[in-house]
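K.L.:
next one to model:
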Amino acid sequence: MAMPTEPTDLPSGPQDPVPHWRDRPLAFRAAKRAIDLAFAVPLLVCTLPVQLLVAVLVRLDSPGPALFRQQRLGLDAQPFEFKKFRSMHVDAAERFPQLYDYSLIAAEGGAVPLKRADDPRVTRVGRWLRRSSLDELPNLWHVVRGEMSLVGPRPELEGLLSCYAAEHFLNFRVKPGLTGLPQTSGRDGLTVAETVALDLHYAKHASIGLDLRILMRTVVCVLTARDAF
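P.N.:
Reported below is the predicted structural model:
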């Protein structure tokens with residue numbers, strides 16, 4: 001797959017607003033990884049019965065697999081197979097092709113939300129999964145494997161890169177996350193442009209303290225289902 005190279009290949013240095021992951025202090029990378037494992041491993045173990053129940057409900061509610069698999073872009077814009085519980089009909093792309101035309105979002109400068117409250121693609125169980133954030137539980141496997149972190153920019157769809165300004169590609173210098181500033185600052189109500197800008201702010205100011213604040217805010221957002229649809 002041909003990927004944009006110039007923005008992600010810019011050399012890092014002390015004055016770089018977004019140093020590459022490998023150029024950040026070892027203490028920061030080690031602490032962030034320790035926090036990832038300290039949270040993700042117990043959550044995976046504790047939620048296994050819940051994940052099994054969710055998988056059964058997804059299969060009973062609509063035809064298709066329990067897991068949704070999609071290629072996303074992570075660190076250095078490298079693709080990986082992203083997994084979450086399926087919340088849409090398997091033939092959603094055929095039913096509603098206009099909702100997958102990301103060129104329309106790019107034409108608006110990213111000033112439109114990627115999600116909508118009345119999304120016709122979402123199943124009955126899928127609506128509950130999205131509001132409760134239970135559809136994200138399989139993401140914990142990506143955190144344990146090191147493909148993602150608990151906090152960081154969301155792994156991106158290649159089709160949305162046309163909405164990126166040059167500096168937005170700097171988001172790929174940090175590991176993608178299960179949650180982040182967009183997920184605690186408006187969540188599904190944000191436009192694509194707002195989401196990318198918040199992710200860039202995180203990439204520029206990433207710290208253990210910021211991660212812990214985002215994690216605490218994430219708990220509140222999940223429990224209240226605020227801005228989730």
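K.L.:
contacts, neighbours, all on C-alpha from now
P.N.:
Noted.
K.L.:
now Asn139. Its backbone dihedrals?
P.N.:
The phi/psi pair for Asn139 (degrees, to the nearest 10) reads phi -60, psi -20.
K.L.:
and Ala165, by the same measure?
P.N.:
phi -80, psi 170.
K.L.:
could you check the pLDDT of it?
P.N.:
Ala165 carries a pLDDT value of 89.
K.L.:
Met3 now?
P.N.:
42.
K.L.:
show me where the chain has its helices.
P.N.:
26-61, 92-95, 102-107, 124-132, 139-145, 192-205, 208-224 (DSSP state H).
K.L.:
which of the ones you listed sits most buried?
P.N.:
Ranked by mean neighbour count, the helices of the chain are led by helix 192-205 with a mean of 21 (mean count of other C-alpha atoms under 10 Å).
K.L.:
taking helix 208-224 as reference, get the angle to it.
P.N.:
140 degrees (axes from the mean of the first three to the mean of the last three C-alpha atoms, to 10 degrees).
K.L.:
where's the residue positioned nearest the centre of the chain relative to Asp76, distance?
P.N.:
Central residue of the chain (C-alpha atoms, centre = their mean): Arg154, 2.7 Å from the mean position. Arg154 sits 13 Å away from Asp76, going by C-alpha to C-alpha, to the nearest Å.
K.L.:
now do Pro153
P.N.:
Pro153 is 12 Å from Asp76, by C-alpha to C-alpha.
K.L.:
of those two, which one has the most company?
P.N.:
Comparing Pro153 with Asp76 by other C-alpha atoms under 10 Å, the one with more neighbours is Pro153, at 32 against 21.
K.L.:
Ala66 contacts Arg86, correct?
P.N.:
Yes: the pair Ala66 / Arg86 is scored as a contact, 5.7 Å apart, by C-alpha atoms under 8 Å.
K.L.:
identify the contacts common to those two.
P.N.:
Val58 (C-alpha atoms under 8 Å, 6 or more residues apart in numbering).
K.L.:
neighbour-wise, which of those two wins?
P.N.:
Arg86 (26 against 21).
K.L.:
pretty sure the more buried one contacts Asp61?
P.N.:
No: Arg86 is beyond contact range of Asp61, at 10.7 Å (criterion: C-alpha under 8 Å).
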